[in-house]
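Chemist: just to be clear, the model below is a prediction. Sequence and coordinates:
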Amino acid sequence: MTAPTHKPGPADAADLQSLLDGRLQLWLVEFSAVLSGWRFVATCRALGLDPHALPLERREAIDTAMMAPLAQPADEDHSLAELDARLRGWLVRRLH
């Protein structure tokens, strides 16, 4: 077996970043409370909540809280389980 001849370079890093950015955008849509993303709706239903009964202000606040950590540069990757747990936390949190 021969060793690969391709050595990673800046273009490979840019391609990987584009892939990660695309995945993040997909997750933003899937978990969005304002857009009624399918993961948001499924999580609400799993918690016994009517996703459409939440006021717009609450949905906007959930989206802001959910997405703030994702907008920051991080040394670690975010997982679906982490995003799901974060969404569940925000949905069960009482409003003050």
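Modeler: Yep, it's here.
Chemist: so how far is the first residue of stretch 26-35 from its last?
Modeler: 12 Å (Cα to Cα, to the nearest Å).
Chemist: mind listing what's buried along that stretch?
Modeler: Across stretch 26-35, burial judged by 16 or more other Cβ atoms under 10 Å covers 27-28, 30-33. From N, CA and C alone the C-beta is placed, and that goes for glycine too.
Chemist: ditto for stretch 79-92
Modeler: For stretch 79-92, the neighbour count (16+ other Cβ under 10 Å) marks 83, 86-87, 90-91 as buried.
Chemist: tell me where the model's unsure across this structure.
Modeler: Counting by pLDDT under 70, the chain contains low-confidence residues at 1-24, 70-78, 94-96.
Chemist: how much space between the nearest residue to S36 once chain neighbours are set aside and R86?
Modeler: Leaving aside its sequence neighbours, S36 sits nearest to P51 (Cβ to Cβ, 6 or more residues apart in numbering; 6.3 Å). Relative to R86, P51 is positioned 16 Å away (Cβ to Cβ, to the nearest Å).
Chemist: can you check L49 too?
Modeler: Taken as Cβ to Cβ, the span from L49 to R86 is 16 Å.
Chemist: same check on A61?
Modeler: According to Cβ to Cβ, A61 and R86 sit 13 Å apart.
Chemist: kindly report the same for Q25.
Modeler: 17 Å.
Chemist: same check, this time on L47
Modeler: Taken as Cβ to Cβ, the span from L47 to R86 is 14 Å.
Chemist: does the residue nearest to S36 touch G37 like I think?
Modeler: No. Between P51 and G37 there is no contact under Cβ atoms under 8 Å: 9.6 Å.
Chemist: between those two, which one's more packed in?
Modeler: G37 (20 against 17; other Cβ atoms under 10 Å).
Chemist: show me what contacts that one?
Modeler: By Cβ atoms under 8 Å, 6 or more residues apart in numbering, G37 lies in contact with 29-31.
Chemist: if we can go back for a sec, in helices, which of the buried residues of stretch 26-35 appear?
Modeler: The members of those that map onto helices under DSSP state H are 27-28, 30-31.
Chemist: could these go into TSV alongside distance to A42?
Modeler: Below are these laid out as TSV (distance: Cβ to Cβ, whole Å):
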residue	distance to A42
W27	14
L28	16
E30	9
F31	10
